[in-house]
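A.B. asks: Could you look at this predicted model? Sequence included:
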Amino acid sequence: MPEKPNESVRVRIAPSPTGDLHVGTARAALFNELFASHHGDNGSFIIRVEDTDFERSKPEFEENILEGLRWLGLNWQEGPDVGGLYGPYRQSERVAEHQKVVQELLDKKLAYFCEGNHGENKCDCRQKNLTSGAVRLIVESKEVTFEDLVRGTVKVHTDSFGGDFVVARAVDNPLYHLAVVYDDEAMQITHVIRGEDHIHNTIKHILIQEALGYTRPIYAHLPLLLDDNRKKLSKRNKETSLLAYRDMGYLPQTMMNYLALLGWNNGDDREYYTHDELAQAFTIERVQKAGAIFSIVKLASMNKHYLSELSDEELFAWAKAYYDKNGIEIQEPERLLQALKTELGRFASYDIGGTPLHEAMAWHASDWATDYSDVSLTFRQKPDTQTPEIKKSTQAIISELSSIISTIPEGEWTAKHLEEFLINWIDSNQKGRGEYLWPLRVALTGREHSPTPFAVAEAIGKSDVLRRLQDARDSLK
Ligand code: GLU
């Protein structure tokens, strides 16, 4: 195991509780946490809630954000819920400190009052010596340069955003840029790892730090998350709430592993990592510049993998969360577990090819019954095109199936044996496989797409199979 780096690092995420935890914020949180974890005892990961937008900030969003980060399996050493030596961890609780800093900038003549009712570029208030109004930081016309751990040297000219910019709406109403800079200094943040959409803010933050004589943290701007069309991931084109993915059936280990690969890799094509393996391997140097595509297809295949690794208890708990959330009582837990194990590998979430989990699993129940109105028992026939003759021949096929299946002893009742036995019977009697296996599948599950009828038969047992065949035949009368 490589040695842990010695120098202390303190990193943070600073989510605004104005909405549910966004997958992009979760990815930034994960990268920060992995960076801190990589440094072992020398690394601290901090959560600071930026709740200064009083109108849009809501306690339930803060709760959703923390719940999402906990669910993902992240650990933080300091935060609004656990406290710490560098608190408070809600930005709103520092407003008095922020106001002092605004005053300090004014006192040192590094900022001035502005009437504020004119465009950024036309402001001539610097000469006016006003005594109230918005507060603008004095900015020289110059190029600001910083070294970004992901993007290399970044240069932005202050003219590009109009020079002097507003840091407070009034002395007692400081704005985001000033609050962030002050809080990062107060919390002794060493590295600011956040989305690429903050690059222009970073320039302003550096100018505020310079004015106040603060230490400049090291910056790393993470690539944007994109949808399949390479557009910025947004609510309009894709689900962006992390916990919505939990509610769809994605496992936390899937989300963590998948998010880790959105903009980072270890230089090879390895895909599966535990948290500790990620923490050991993770370095900012291996974060890419190019936008990272958030692909549901990839996420789903990863979830299939992690679902297949669950113990029986975990798999059952995963399904139970869905049944509970939908207010559906599980009557036969053993049989449901059996059915889940039978379907494993076919589902990647609580939705199986458009069918919700409880419907797809309905066949597990001992009193399962269906009316066959949507799916036909006859191979390659729709329910509404079945003539009396067709029904009769299907009935005959089902009767044949019943009699041969009833000869299989209980002791040999396994999917493997059933398959060998039935296929052998069908082939040696020169019958069509589809003609026999199709009605068997539909009789057992009521579905066109399901696990093999042999696997279902094993899961539900011989007597249920014979009863379902009987019901299927009766339905054709
Ligand atoms: N409150 C900001 C956001 O949610 C934080 C940005 C930062 O990390 O400095 O985007």
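C.D. replies: Happy to help now that I have it.
A.B. asks: Look up the residues forming beta bridges with the residue in the stretch 101-250 of the chain that the ligand sits nearest to.
C.D. replies: As assessed by Cβ to the nearest ligand atom, the ligand sits closest to Arg194 within the stretch 101-250 of the chain, at 3.8 Å. C-beta: built from backbone N, CA, C; applies to glycine. With DSSP bridges applied, Arg194 shows beta-bridge pairing to His221.
A.B. asks: count of residues packed around it?
C.D. replies: 24 (other Cβ atoms under 10 Å).
A.B. asks: quick one: it and Ala28 touch, right?
C.D. replies: Yes - Arg194 is within contact range of Ala28, at 5.7 Å (criterion: Cβ atoms under 8 Å).
A.B. asks: For the residue lying farthest from the centre of the chain, pull up the helix or strand it's in.
C.D. replies: Going by Cα atoms, centre = their mean, the residue of the chain most distant from its centre is Glu389, 52.9 Å out. In this structure, Glu389 is located in helix 388-406 according to DSSP states H and E.
A.B. asks: which residues touch Leu344?
C.D. replies: By Cβ atoms under 8 Å, 6 or more residues apart in numbering, the contact list for Leu344 reads Leu307, Ser308, Leu315.
A.B. asks: Mind checking which of those residues are in helices?
C.D. replies: Leu307, Ser308, Leu315 (DSSP state H).
A.B. asks: Now the stretch 351-477 of the chain against the ligand: closest residue?
C.D. replies: Residue nearest to the ligand within the stretch 351-477 of the chain: Asp351 (30.6 Å; Cβ to the nearest ligand atom).
A.B. asks: tell me the phi and psi of that residue?
C.D. replies: The phi/psi pair for Asp351 (degrees, to the nearest 10) reads phi -120, psi 120.
A.B. asks: Around it, how many other residues sit close by?
C.D. replies: Neighbours of Asp351 (other Cβ under 10 Å): 14.
A.B. asks: again, but for Glu239
C.D. replies: When neighbours are counted by other Cβ under 10 Å, Glu239 registers 14.
A.B. asks: Checking my notes, it in a strand, right?
C.D. replies: No - checked against DSSP: H, G, I helix; E, B strand; the rest coil, Glu239 lies outside a strand; its state is coil.
A.B. asks: Find the nearest non-adjacent residue to it, please.
C.D. replies: Excluding its sequence neighbours, the residue lying closest to Glu239 (Cβ to Cβ, 6 or more residues apart in numbering) is Tyr245, at 7.0 Å.
A.B. asks: Contact partners for His449?
C.D. replies: Applying Cβ under 8 Å, 6+ apart, the residues near His449 are Gly353.
A.B. asks: how near is it to Val375?
C.D. replies: Separation of His449 from Val375 (Cβ to Cβ, to the nearest Å) stands at 10 Å.
A.B. asks: With Gly73 instead?
C.D. replies: Counting by Cβ to Cβ, the gap from Gly73 to Val375 is 41 Å.
A.B. asks: With Ser349 instead?
C.D. replies: Ser349 is 23 Å from Val375, by Cβ to Cβ.
A.B. asks: Name the residue in those two with the higher neighbour count.
C.D. replies: Neighbour totals were compared for Ser349 and Val375, and Ser349 leads with 20 against 16 (other Cβ under 10 Å).
A.B. asks: what's near enough to touch that one?
C.D. replies: So Ser349 contacts Met248, Gly249, Tyr250, Ala300, Asn303 (Cβ under 8 Å, 6+ apart).
A.B. asks: dump the residue contacts of the closest residue to Met187 other than its chain neighbours.
C.D. replies: Leaving out its chain neighbours, the residue that sits closest to Met187 by Cβ to Cβ, 6+ apart is Tyr86, at 4.3 Å. Taking Cβ under 8 Å, 6+ apart, we find Tyr86 in contact with Ile46, Glu78, Ala186, Met187, Gln188.
A.B. asks: Now do the same contact list for the last one.
C.D. replies: When contacts are counted by Cβ under 8 Å, 6+ apart, Gln188 touches Arg10, Tyr86.
A.B. asks: Look at it and tell me its secondary structure.
C.D. replies: coil.
A.B. asks: got it, and Val11?
C.D. replies: Assignment for Val11 (three-state DSSP): strand.
A.B. asks: can you pull the contacts of it?
C.D. replies: With contact taken as Cβ under 8 Å, 6+ apart, Val11 is in contact with Asn32, Phe35, Ala36, Gly43, Ser44, Phe45, Ile46, Ile189, Thr190, His191, Val192, Ile193.
A.B. asks: Export these as a markdown table, with columns for secondary structure.
C.D. replies: Below are the contacts of Val11 laid out as a markdown table (three-state DSSP):
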| residue | secondary structure |
| --- | --- |
| Asn32 | helix |
| Phe35 | helix |
| Ala36 | helix |
| Gly43 | strand |
| Ser44 | strand |
| Phe45 | strand |
| Ile46 | strand |
| Ile189 | coil |
| Thr190 | coil |
| His191 | strand |
| Val192 | strand |
| Ile193 | strand |
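A.B. asks: What parts of the stretch 101-250 of the chain come near the ligand?
C.D. replies: Val180, Arg194, His198 (Cβ under 6 Å from any ligand atom).
A.B. asks: The last one - how many residues pack around it?
C.D. replies: Think His198. Quick note: His198 (other Cβ under 10 Å) scores 17 neighbours.
A.B. asks: Ok, the one 3 residues further on next?
C.D. replies: Other residues within reach of Asn201 by the criterion other Cβ under 10 Å amount to 15.
A.B. asks: again with Ala369
C.D. replies: When neighbours are defined as other Cβ under 10 Å, Ala369 has 12 of them.
A.B. asks: swap in the one 5 residues further on?
C.D. replies: If you count neighbours by other Cβ under 10 Å, Asp374 ends up with 11.
A.B. asks: Can you verify it is assigned to a strand?
C.D. replies: No - counting by three-state DSSP, Asp374 falls outside a strand, being coil.
A.B. asks: who's in contact with it?
C.D. replies: Contacts for Asp374 (Cβ under 8 Å, 6+ apart) come out as Pro383.
A.B. asks: ok, 10 Å please
C.D. replies: Lys382, Pro383, Gly446, Arg447, Glu448 (Cβ atoms under 10 Å, 6 or more residues apart in numbering).
A.B. asks: now swap in Leu259 and tell me
C.D. replies: Applying Cβ under 10 Å, 6+ apart, we find Leu259 in contact with 23-24, 26-31, 72, 225, 242, 278, 292, 294, 299.
A.B. asks: C-terminal to the host helix or strand of it, what's the next element?
C.D. replies: Using DSSP H and E, the element containing Leu259 is helix 252-260. As assigned by DSSP H and E, the chain's next helix or strand after helix 252-260 is helix 275-281.
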